[in-house]
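Enquirer: Kindly generate the corresponding structure for this input.
(one chain, ligands or ions: 3)
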Amino acid sequence: MSNWLHQARYYDKPAKERGGNSGSGTIKFNPAWQSEIQLTQIPQRLLFVPGDYPGYQAPDIKVPYWEWARHNYKDGNTFRSFMCPRGTNRSIPCTACSMQYDAKDPRIATRRVKYFTVISLEYWYKMTNSYGDVSYKMPQSPAEERRYAQEGERVFGRKGYLALGSGHAEQLFDLVEQISSTCTNCMVPGQKPGKITPVKYTCPKCGAVQVDMETTELSGKDIKAYATTYHKCGSCGFSGLPDVVHACNKCDEPRPADLFDVVLPLAKRGEGKDTMITVPHGSHIEFIDNAEIEEGGVTVPLFDGKHFSPSIVELYRPYNFVDEVFHVELLPEYQDQRVFGR
Ligand SMILES: [Zn+2]
Ligand SMILES: [Zn+2]
Ligand SMILES: [Zn+2]
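Expert: Ligands and ions are numbered 1, 2, ... in the order given. Below you'll find the predicted structure:
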């Protein structure tokens, strides 16, 4: 008799019914999944909330998303995905790391995931179970809509996180690059935004021009690659990524738009392992200044030039992923009890 079925049924029970006593006491319910926003075929308008997190491999560099290592455990029909409690700190015990790296156990794999705080600007059904656990569901069919309407409360806007593996993160970064070719300085609602192009790469330390697009013999591809490669300055000797000087075709003070200046209609396409995240044909990336949302049953501007609308202000706070979302899953005992049943 396979053990996975018993495991699966055990984990399907509500947290408080599982109880049991394994080892040094039972770990609390892992709430992380309740905050995850899953992308589907139907595009969702997403407002990204910037955070300020240390880079996974270079903690001195700050990035707007949280990144961490995740393990996959695959054994026959059992598939589990869970946080590596260790990350880059080797003094923290991790059973999966020991299995993979010391015992060369092929059932364990590790990948890195980037976590973004987002607000989904869509209607959701807010479900509260008898234990007080809150979760959100978005109907994918009229039948689901009818069912959710009986069980939950229909609300506009929902905070959560997107979990992006390296392939999906690359696809998002491509979209960000596309966004950054538009200018927020001269943006006027209803008009095509100014187009921004890089005109020079300069030394971030002394300002010396390293590449001038007017005169360079670099190819388009090499120009793009230049911005993400370390270069040693011929004038001062500093080594690092170049600063980019931009020009706008409509104004003199170009300000490239960032991911956080727009509402991004994102969908997931494809099946199984071969999926991609995309802004589907017919959907448009909007500046936050132009976007509208529903509040109390009426349509209001998302952003008035200075502030987000009240319902969004409430949600507009980046997660502290370690303390708020993954605090249970990051415990070294979590995988021992919940994945390996020790
Ligand atoms: Zn690990
Ligand atoms: Zn320099
Ligand atoms: Zn401009």
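Enquirer: Contacts only, for Thr95.
Expert: Pro332, Gln335, Asp336, Phe340, Arg342 (C-beta atoms under 8 Å, 6 or more residues apart in numbering). For glycine as for every other residue, the C-beta is placed from the backbone atoms N, C-alpha and C.
Enquirer: 7 Å instead?
Expert: By C-beta atoms under 7 Å, 6 or more residues apart in numbering, Thr95 lies in contact with Gln335, Asp336, Phe340.
Enquirer: between those residues, which is nearest ligand 3?
Expert: Gln335 (50.3 Å; C-beta to the ion).
Enquirer: SS state for the closest one?
Expert: The local conformation at Gln335, judged by DSSP: H, G, I helix; E, B strand; the rest coil, is helix.
Enquirer: Was I right to think it contacts Met83?
Expert: No. Taking C-beta atoms under 7 Å as the definition, Gln335 is not a contact partner of Met83, at 8.1 Å.
Enquirer: quick one on the thing from earlier: which among the contacts of Thr95 count as buried?
Expert: By neighbour count, with 16 or more other C-beta atoms under 10 Å, these hold Gln335, Asp336 as buried.
Enquirer: Can you convert the contacts of Thr95 into a markdown table and add a column each for pLDDT and distance to Pro31?
Expert: What follows is these, written out as a markdown table (pLDDT from 0 to 100; distance: C-beta to C-beta, whole Å):
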| residue | pLDDT | distance to Pro31 |
| --- | --- | --- |
| Gln335 | 93 | 16 |
| Asp336 | 91 | 19 |
| Phe340 | 89 | 21 |
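Enquirer: which one among the contacts of Thr95 gets closest to Glu324?
Expert: When the contacts of Thr95 are compared for distance to Glu324 (C-beta to C-beta), Gln335 wins out at 20.0 Å.
Enquirer: and His168, what does it touch?
Expert: Ile277.
Enquirer: In terms of helices and strands, where is it?
Expert: If you go by DSSP states H and E, His168 is part of helix 166-179.
Enquirer: in the stretch 1-150 of the chain, which spans are helices?
Expert: Ranges of helices in the stretch 1-150 of the chain, per DSSP state H, counting those that start in this stretch, are 3-12, 15-18, 95-97, 142-151.
Enquirer: Check the ones you listed for me: which has the lowest mean pLDDT.
Expert: Here the helices of the stretch 1-150 of the chain differ in mean pLDDT, and the lowest is helix 15-18 at a mean of 53.
Enquirer: May I see the contacts of Thr95 arranged in CSV, with distance to Pro318 as well?
Expert: Below are those laid out as CSV (distance: C-beta to C-beta, whole Å):
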residue, distance to Pro318
Gln335, 26
Asp336, 30
Phe340, 32
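Enquirer: And the contacts of Thr95, which is closest to ligand 1?
Expert: Gln335 (8.1 Å).
Enquirer: Can you tell me which residue is spatially central in the protein?
Expert: A centroid search over the chain (C-alpha atoms, centre = their mean) returns Phe116, at 2.9 Å, as the residue closest to the centre.
Enquirer: which residues touch that one?
Expert: By C-beta under 7 Å, 6+ apart, Phe116 lies in contact with Phe48, Tyr65, Tyr161, Leu162, Leu164.
Enquirer: I'd like the distance between Met127 and Gln171.
Expert: Applying C-beta to C-beta, to the nearest Å, the value for Met127 to Gln171 is 30 Å.
Enquirer: likewise Asn129?
Expert: Asn129 sits 34 Å away from Gln171, going by C-beta to C-beta.
Enquirer: Comparing the two, which residue is more hemmed in?
Expert: Higher neighbour count among Asn129 and Gln171: Gln171, with 17 against 11, using other C-beta atoms under 10 Å.
Enquirer: got the contact list for that one?
Expert: By C-beta under 7 Å, 6+ apart, the residues touching Gln171 are Met276, Ile277, Thr278.
Enquirer: Out of those, which is nearest to Trp33?
Expert: Using C-beta to C-beta, the contacts of Gln171 come closest to Trp33 at Ile277, 19.1 Å.
Enquirer: I'd like the average pLDDT over stretch 75-93.
Expert: 92.
Enquirer: okay, how far is it across that stretch, tip to tip?
Expert: Taking C-alpha to C-alpha, to the nearest Å, stretch 75-93 runs 22 Å from one end to the other.
Enquirer: Report the buried residues of that stretch.
Expert: Arg80, Phe82, Met83, Cys84, Pro85, Arg86, Gly87.
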